[in-house]
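**Student:** Here's a sequence, model it:
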Amino acid sequence: MKNNEDFEFGDYSFTVAPQTVKPALVLGLSTRECLNVITVAQPASAKIASNSVVVLTADSQRLAEVKALWRVHSRTLGYFPDGAFTDYAGRGQILIAGPLDALTGYLVYRVSDDRGVIVHLCTAEHARGSGVARALVTELKGLTKGRGLRGIGLSCRVDFAANSIWPKLGFCPIHERAGRSRDGKPLTYWWHDNGLPDLFSLTAATSSGSRVVAAIDANIYFDLVTDREQGDESRALVADWLQSEIELCIADEIYQEINRGEDEEERRRCRERVSLCRILSSTEDHQTNVRKQIIELLGSGRTDQEKSDREHLIKVAAAKAQVFLTRDDELLRNSEEIHRLVGLDVMRPADLIGQIDELRRTAAYEPARLAGSRISLRRGKADEVDGLPARLCATDRGEGLSEFRHKIRAVLAYPDRSDVFLVSDGTEILALVAFHRGAPGILSVAWLRVLPGSLCQTLSRHLVLRAIQTATETGVTWVRIEDPNITPELETALTELSFFRAGGHFVRCVMRAIGTLDELLPRLACLDGSIPAETAAISAEVTRLHSIPAKLAEELERVFWPVKVIGAGIPTFGIAIHPKWAQHFFDEGIARQELFGADPMLALNREHAYYRSPNRCGLQAPARILWYVTKDGDFDGSMAIRACSRLVSIDIGRPKDLYRRYQRLGVYLWQNVYETAKGSIENDLMAIRFMDTEVFQRPVTLAEAKQFGIKANFESPVRIDENIFCKIYQLGLGEPSPMPKK
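**Tutor:** All right, here's what the predicted structure looks like:
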């Protein structure tokens, strides 16, 4: 071996001894198979005329070329519905490469929360070794960075050759998780960080995220565990890119379905594969209530098969799964009515693939599932400890049930400095959170447990938010999670609510203050000497953002809510709201009048959507909102500014589209949205999405606001001068705010 020679491995250059290694060429890349590498004798110098990359549009004739290229490599890339290509193109999430007369490759990606996710990356055979995949990924990096996304992620089986290639593209292996392939090979999660300045970005990037709880019927299950031809659509559910997005579940009715099979060996194999999915559980009471509604709608069924199909649906709905996947025509025809009756989305596997991002947002936080239910939050008592569900105990991590109950009793023994809250659905306890006020300036969360199930992620966010609110109300600076057995669902909730790891715990700073960056940053630099690890972590992140004041201010208000940063360019708007909606969104005082029956569970919501006419009136996001409750003779406390929120986004569209997008947040029924659109589904509406509402201790009357300098009556949204905002905010918190002289 005299001289080394340079070759290309797909789109990646490397040096090998001559005549010893043939260049390997990338045929297709997806997060199902990730990479199909074949060895051929083709010179690495073979290039195509152009590797230019453009964004494909839904009306482009080249969409047919993309579908044709997918069909050539569908065995490698996996099943992908025809409609999904159209949906992704409509969102501008398909990139194509090559000259007009020859498509050389395409990339399909998603935007999941604050990151991009690669779905397909496919190179045409004639373009192998030409740098197409590199060009597509480079373009994706630029697009995601330009949109302010933290980075790009994907999942790849550990036994695939692509695991040696991703590092060369700047991806890092963050973690592994079990795969759903038949051989059980684990998946590596690869992450490319865009390097954007953002507080605690690494913690958020490595979070497992919220998964859709998707139950499957017997036919879908048999598709997954057998090789029958009609199962391609179902087998798309085990694609690698979907495994971090959905959790496949099934009801125990599957054993009845398996038992009806005629082949003994086939029955044995199917029973063994049940572990592929989590078995859903529900109480007899829940099943009885759901059964009555389903039978009234569909009938009891004529054959054993039909009866079993209904029983499967009943058990899934009673377990409060989010989605039921089926190919049954009768169920699909009645999907809207089933959703209305029991809150279950019935759809085909192909439909789930096209709607995965919308479904994930619903899975992460769906307070509408709590509204109107029997779920309640109350203080726990010592005599209830023995009745706590054993599943709240982390026995899989070595925690003993008697030890767990003993420690809960120990917390309850000191009511002067500890609180234990239980979340119940009727008589069934679903979650537990225990607070302890020990070290100065710190609220310790001794226990934070939620039973697994479809409500787990929503309840997790409610309880974490309860901890933040408790810290704010009691004036402490830090919330520290001391429970050593935090589940992935809770870890995701903590990360999304700006907790980060320091000193072996998840921690969050709570800072009720208002001031400029110059005034607030020194306070952040020395928050509390008793927890130097947390302080050091915050100081490092603030240093990264110091040269971008507007971004730093926005991040500080998000991460350290309820802090308010002035003088950095965050606008404030005053928006009028009727008492009917104020009682649900934030106004407990009005809600206690109970004239409109405010739902107590909605008081815990972190996020809301408020509908109004599409006239922007200068509104922009991000911003702050001061909520002005309008006059109504039936309510005390109207005609006053009563709360402050973070304005996250403004969405304008048709009523049905907006309602479907924000229905998960509750409060509004379709009839309310329809009325706001003046009785027409063709009229555009504006949905204002807001978060982190701070209710004023002292309402600021319209007369007081006008004395501060506000001239409007809030008929439309009005921009509020920052000096006036400061005075109103301080007065609302009960702090002295000098009234101007007349």
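**Student:** I'd like the domain boundaries of the chain, if you could list them.
**Tutor:** For the chain, the structural domains run 5-194, 212-364, 376-565, 572-732, going by automatic domain parsing.
**Student:** Those: lowest mean pLDDT?
**Tutor:** Note on the domains of the chain: lowest mean pLDDT is at domain 5-194, with a mean of 70.
**Student:** Including mean neighbour count, could the domains of the chain go into TSV?
**Tutor:** For the C-beta atoms, the positions are set from N, CA and C on the backbone; glycine is no exception. TSV is the format used below for the domains of the chain (neighbours: other C-beta atoms under 10 Å):
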stretch	mean neighbour count
domain 5-194	18
domain 212-364	18
domain 376-565	18
domain 572-732	18
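**Student:** pretty sure V411 is touching V420, no?
**Tutor:** Yes. Counting by C-beta atoms under 8 Å, V411 touches V420, with 5.9 Å between them.
**Student:** which residues do those two both contact?
**Tutor:** Residues touching both V411 and V420 (C-beta atoms under 8 Å, 6 or more residues apart in numbering): 434, 447.
**Student:** Strand partners (parallel or antiparallel) of the longest strand along the chain?
**Tutor:** Counting by DSSP state E, the longest strand found in the chain is strand 685-701. Strand 685-701 sits in its sheet next to strand 607-612 (antiparallel), strand 640-653 (antiparallel), going by DSSP bridges.
**Student:** Mind checking what helix or strand follows that strand in sequence?
**Tutor:** Per DSSP states H and E, the first helix or strand lying C-terminal to strand 685-701 is helix 702-708.
**Student:** so what does that following helix touch, helix or strand wise?
**Tutor:** Packed against helix 702-708 by the contact rule (3 or more C-beta pairs under 8 Å, 6 or more residues apart in numbering; DSSP states H and E) you find strand 640-653, helix 722-732.
**Student:** Please put the alpha-carbon coordinates of it into CSV.
**Tutor:** C-alpha atoms of helix 702-708 as CSV (Å, rounded to 0.1, in the frame of the first residue of the first chain):
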residue,chain,number,x,y,z
LEU,A,702,-60.1,51.9,34.6
ALA,A,703,-60.1,55.3,36.4
GLU,A,704,-56.7,54.5,38.0
ALA,A,705,-55.3,53.4,34.6
LYS,A,706,-56.5,56.6,33.0
GLN,A,707,-54.8,58.6,35.7
PHE,A,708,-51.6,56.8,34.8
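**Student:** And the next helix or strand past that helix?
**Tutor:** Next element after helix 702-708 (DSSP H and E): strand 718-719.
**Student:** Pull the residues that contact that next one.
**Tutor:** Against strand 718-719 from outside (C-beta under 8 Å, 6+ apart): 571-574, 617-618, 710, 712.
**Student:** what about the strands in the stretch 51-200 of the chain?
**Tutor:** 53-55, 94-97, 105-112, 115-123, 151-157, 172-177, 187-193 (DSSP state E, counting those that start in this stretch).
**Student:** The first one pairs with which strands?
**Tutor:** Using DSSP bridges, the strands paired with strand 53-55 are strand 94-97 (antiparallel).
**Student:** What is the three-state secondary structure of T495?
**Tutor:** State at T495, reduced to three classes by DSSP: H, G, I helix; E, B strand; the rest coil: helix.
**Student:** can you give me the helices in the stretch 451-600 of the chain?
**Tutor:** Taking DSSP state H, counting those that start in this stretch to define them, one finds helices in the stretch 451-600 of the chain at 456-474, 488-496, 517-525, 532-545, 549-559, 579-585, 588-591.
**Student:** I misspoke; the intended subject was the stretch 51-200 of the chain.
**Tutor:** Using DSSP H, counting those that start in this stretch, the helices of the stretch 51-200 of the chain run over residues 63-72, 74-77, 82-90, 132-146.
**Student:** which residues touch A467?
**Tutor:** 433, 435, 443, 445, 448, 479, 481.
**Student:** still on that earlier bit, would CSV of the strands paired with strand 685-701 with distance to G354 be doable?
**Tutor:** Shown next, in CSV, are these (distance: least, C-beta to C-beta, whole Å):
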stretch, distance to G354
strand 607-612, 23
strand 640-653, 18
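**Student:** Quick check: which of those is nearest to E330?
**Tutor:** Comparing these against E330 with C-beta to C-beta, the closest turns out to be strand 640-653 (32.2 Å).
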